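Visitor: need a structure here:
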Amino acid sequence: MRLVEANIEGFGQYRNRRILFSEGLNVVYGNNESGKTTLMKFIEGVLYGFYKPAKSRQYTEDLGKYRPWDGGSYAGTLIYEAKGQRVAVYRDFDGEKVRMWDADTKEDLTEELPLNPFYQQREPAARDFKISPAAFRNTISIVQGKASADLSQMGGELQESLMNLTSSGDEGISVRHSLSSLREQWEQIGGESREKNSRLGEVSAREEDLKRRLKESKEARLRQERIYQELTRLPEEVEDEEDALALLERAGKPEQKSHIERLAREEESLIGQEREIRQNRLGDEKQYEELLRLQKELESGRERLAEAEMLVREREARKQETEQEEPETKAEGVSYQSMIGRNLGILLCVLGVLLGVFLSPFCLFIAVLGAGILAYAFRRYQEEERQKAQRERQERDRAEERRLRQGTEEALYQDALRQRERRSVELDAARERMEKTLGNLKVSGVEEYGSILQNRIKAESVKNRLEQTRRERNRWACLYASEILRDRRTLLERRLQEMGKQEEDPAELREELAQVARQKERLVLERDSLRAAAAAIESLSQEVQREYAPVLTEKIKKTVENITTGRYNTIDVSGEGIRATGAGGKNLALDRLSAGTGDQIYFAVRLGMIDLLSPAVKLPLILDDAFARYDEERLEKILELLSLEAVDRQILIFSCQTRERDMLTQRKAAFHYSEL
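Guide: Numbers count the residues shown, from 1 in each chain. The predicted structure is shown next:
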């Protein structure tokens with residue numbers, strides 16, 4: 001595995017900066033404040049973020065420390081190569097956005113990253129680096145300043161750090177100090193025999209006092225609760241008559257009871273009257289209206305029948321009058337005068353002709369006279385015939401008119417007869433309905449049923465008065481009961497106020513007791529947890545030392561011997577402290593060694609732990625001014641070791657000096673040099 005490049009959008013003093021890394025050994029030179037440590041923190045931040053190892057999202061101080069100086073975007077991308085694949089990791093430190101993709105194919109790999117359940121963020125380093133942030137900082141990332149300039153303090157610090165690393169994997173965790181702190185904490189909490197003069201004892205005494213006060217308060221609160229429940233059950237107004245009467249019976253005033261009793265007696269009297277009236281037969285208003293309708297229908301039928309009979313009589317009289325009318329005298333034939341004139345004219349004509357022929361022509365004047373008379377008689381005859389024809393026409397017209405009048409009178413007469421018959425049938429039907437209805441009602445007439453209906457009217461009147469009296473009694477009973485409730489409510493509220501001033505609040509006592517109980521539970525749990533944690537730490541520490549210390553000792557034995565030029569050939573990290581054995585067999589504690597020798601051993605142990613923590617992957621090694629206190633001899637030995645290590649591992653040496661470059665150049669070692 002190797003780092004390929006860092007593309008920094010914004011991080012500390014860097015802005016839009018691209019930094020390339022090479023395989024093998026890399027020497028990066030930069031003056032103080034040039035950004036060497038910032039670049040190392042950028043690599044660590046992209047891979048792990050700046051989270052504290054807690055069960056919630058908490059940040060280390062580095063998040064604010066490396067915020068861009070210019071206030072711009074706070075993000076960047078780190079590209080590394082693992083198992084033949086170039087992987088790019090992007091992190092936005094402000095937006096907490098993390099992405100991973102294949103740098104060559106651009107395939108998104110973000111979903112392959114596990115999600116941390118505590119701070120809900122993807123963990124890029126978990127895919128390929130497979131070590132924790134603490135292991136990263138204590139193994140592959142080594143920063144100057146781990147030891148003090150004071151030799152005695154430095155030796156002790158190195159020894160403690162190495163022991164902690166071999167025991168817990170994190171030099172910041174002191175096993176010895178942790179166990180001592182755990183014991184001190186559970187002793188402060190207190191054991192079973194020290195509860196009365198310990199934190200747990202004080203909490204227990206407080207708990208007992210609160211229980212006593214709560215019991216007393218509960219008893220008082222029960223009394224208040226009963227009063228409060230009675231208040232909540234008391235309605236503002238009473239609307240139910242039975243409830244009102246029952247309340248009046250228990251708590252009513254004498255004048256109130258007297259008024260209600262008077263209304264009750266009046267109600268009983270009306271009930272008796274109604275019962276007495278209803279013992280008699282009660283008519284039905286609808287039946288009575290039906291009888292009146294039938295009676296009116298019967299009377300109307302009689303009137304219509306009488307009108308029909310009168311009409312029949314009138315039609316019959318008119319018919320008889322029409323039948324008794326005599327026909328007109330028939331027109332006479334030819335009048336007597338016309339016959340005499342005709343006969344005389346004919347006679348004179350014949351006589352005048354005969355006399356004129358046989359006697360004298362002057363006699364023809366007689367024939368002319370006869371012709372004149374005959375002409376007159378003929379004209380008269382024509383006039384008489386015309387008048388006769390006119391009289392005949394008039395007679396026919398009068399006869400037809402008389403016939404039509406007789407037919408009309410006959411039709412009107414027959415119609416009157418039918419109408420009389422129909423009205424007679426209707427009258428019989430109305431009479432039958434009346435008789436049937438009277439029979440059903442078992443009365444003889446409408447008047448009798450009207451008197452029966454008066455009983456119902458009286459009963460309804462009494463019923464209305466009874467209902468009015470009941471409503472009046474109900475209204476007054478509810479008013480009196482509501483007044484009693486208001487007085488009772490006022491009394492109860494006054495009692496509650498008086499009791500509330502004297503009694504403690506049970507809710508506050510319960511809350512305080514719950515807090516004390518939780519505090520006691522936390523103390524007991526904390527005490528038991530501290531004991532369990534101490535036992536677990538001791539057990540795990542011993543197990544880790546048993547498993548890893550021999551392996552680590554064997555792994556760094558050769559390295560220590562080489563870098564110390566054979567002065568020390570054995571390192572023991574399995575005991576209480578770290579000890580180095582010299583070539584002469586002299587065994588010394590780490591704090592008895594010089595600062596330079598201590599740094600060398602410290603570096604050898606870290607280098608040995610890398611392969612223990614990640615045996616399957618050759619992780620890169622990042623060194624930031626890690627050799628500032630080395631002399632020339634020690635530095636030469638370390639660089640020789642790193643040159644050999646760089647064959648299989650990428651190593652980045654950040655330095656503010658040029659001697660690493662010069663020594664490597666002098667040795668003609670293969671390395672890549674760059675400046676920030």
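
Visitor: what number of residues lie near Y48?
Guide: 21 (other Cβ atoms under 10 Å). (C-beta placed from N, C-alpha, C; glycine too.)

Visitor: Please report how far it lies from Y59.
Guide: 12 Å (Cβ to Cβ, to the nearest Å).

Visitor: do the same with D631
Guide: In this view, D631 and Y59 are 40 Å apart by Cβ to Cβ.

Visitor: ok, these two, which is more surrounded?
Guide: Y59 (15 against 9).

Visitor: Enumerate every residue touching the residue nearest to that one when sequence neighbours are not counted.
Guide: Closest residue in space to Y59, ignoring its immediate chain neighbours: F50 at 5.3 Å, by Cβ to Cβ, 6 or more residues apart in numbering. Residues counted as contacts of F50 (Cβ atoms under 8 Å, 6 or more residues apart in numbering) are Y59, T60, D62, L63, F93.

Visitor: Kindly list the main-chain dihedrals of F50?
Guide: phi -110, psi 70 (degrees, to the nearest 10).

Visitor: Can you identify the element that follows the one helix or strand G64 maps to toward the C-terminus?
Guide: Taking DSSP states H and E as the definition, G64 sits inside helix 62-65. On the C-terminal side of helix 62-65, the nearest following helix or strand under DSSP H and E is strand 75-82.

Visitor: Identify the residues contacting the helix or strand following that following strand?
Guide: Going down the chain from strand 75-82, the next helix or strand is strand 85-92, by DSSP H and E. Strand 85-92 has contacts (Cβ under 8 Å, 6+ apart) with 4, 45-47, 49, 73-81, 97-104, 109, 124, 127-128.

Visitor: try stretch 340-358
Guide: Here stretch 340-358 has contacts from 362-378, 380-381, using Cβ under 8 Å, 6+ apart.

Visitor: so what's E255 up against?
Guide: Counting by Cβ under 8 Å, 6+ apart, E255 has no contacts.

Visitor: mind redoing it with 10 Å?
Guide: By Cβ atoms under 10 Å, 6 or more residues apart in numbering, the contact list for E255 reads Y480.

Visitor: try M434
Guide: So M434 contacts E290, L291, R293, L294, Q295, E297, L298, G301, G445, V446 (Cβ under 10 Å, 6+ apart).

Visitor: ranges for the helices of the stretch 151-300 of the chain?
Guide: For the stretch 151-300 of the chain, the helices defined by DSSP state H, counting those that start in this stretch cover 151-168, 175-189, 199-233, 241-251, 254-279, 285-323.

Visitor: Tell me the buried residues in the helix or strand that comes right after the last one?
Guide: What that stands for is helix 285-323. Following helix 285-323 in sequence order, the next helix or strand is helix 336-358 (DSSP H and E). Residues of helix 336-358 classed as buried by neighbour count (16 or more other Cβ atoms under 10 Å): S338, G341, R342, L344, G345, L348, C349, G352, V353, L355, G356.

Visitor: what two of these are the furthest from one another?
Guide: S338 and G356 (26.3 Å; Cβ to Cβ).

Visitor: for this protein, longest helix please?
Guide: helix 364-441 (DSSP state H).

Visitor: mean confidence for it?
Guide: For helix 364-441, mean pLDDT rounds to 81.

Visitor: Next, the angle from that helix to helix 336-358.
Guide: 160 degrees (axes from the mean of the first three to the mean of the last three Cα atoms, to 10 degrees).

Visitor: just the angle between the helix or strand just after helix 364-441 and helix 364-441, please?
Guide: Following helix 364-441 in sequence order, the next helix or strand is helix 446-502 (DSSP H and E). Between helix 446-502 and helix 364-441, the angle comes out at 50 degrees (the same axes, to 10 degrees).

Visitor: What mean pLDDT does helix 446-502 get?
Guide: For helix 446-502, the mean confidence score works out to 79.

Visitor: helices and strands around that helix, which ones?
Guide: With contacts taken as 3 or more Cβ pairs under 10 Å, 6 or more residues apart in numbering; DSSP states H and E, helix 446-502 sits against helix 199-233, helix 241-251, helix 254-279, helix 285-323, helix 364-441.

Visitor: For the protein, give the strand that spans the most residues.
Guide: What stands out as the longest strand in the chain, according to DSSP state E, is strand 2-11.

Visitor: Name the next helix or strand following that one along the chain.
Guide: Counting by DSSP H and E, the element after strand 2-11 in chain order, helix or strand, is strand 14-20.

Visitor: Mind giving me the packing neighbours of that following strand?
Guide: If you count contacts as 3+ Cβ pairs under 10 Å, 6+ apart, strand 14-20 packs onto strand 2-11, helix 36-48, strand 75-82, strand 672-675.

Visitor: coming back round to it: just flag the most distant two among the contacts of M434.
Guide: G301 and G445 (16.8 Å).

Visitor: These two: which is more packed in?
Guide: Neighbours of G301 and G445, each counted by other Cβ under 10 Å, are more numerous for G301; the result is 20 against 11.

Visitor: pretty sure that one contacts E432?
Guide: No - judged on Cβ atoms under 10 Å, G301 makes no contact with E432 at a distance of 11.1 Å.

Visitor: so where do the strands sit in the stretch 501-650 of the chain?
Guide: 568-572, 579-582, 587-589, 621-624 (DSSP state E, counting those that start in this stretch).

Visitor: Redo those strands as a markdown table? Include distance to E401 and mean pLDDT.
Guide: Below are these laid out as a markdown table (distance: least, Cβ to Cβ, whole Å; pLDDT from 0 to 100):
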| stretch | distance to E401 | mean pLDDT |
| --- | --- | --- |
| strand 568-572 | 166 | 71 |
| strand 579-582 | 169 | 74 |
| strand 587-589 | 170 | 71 |
| strand 621-624 | 149 | 90 |
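
Visitor: Which residue would you name as the spatial centre of the protein?
Guide: Q120 (28.7 Å; Cα atoms, centre = their mean).

Visitor: For it, which residues are in contact?
Guide: So Q120 contacts R57, E96 (Cβ under 10 Å, 6+ apart).

Visitor: Which pLDDT value goes with it?
Guide: pLDDT, read off for Q120, is 78.

Visitor: Each with direction, which strands does the longest strand of the chain pair with?
Guide: For strand 2-11, the paired strands and their directions (DSSP bridges) read strand 14-20 (antiparallel), strand 75-82 (antiparallel).
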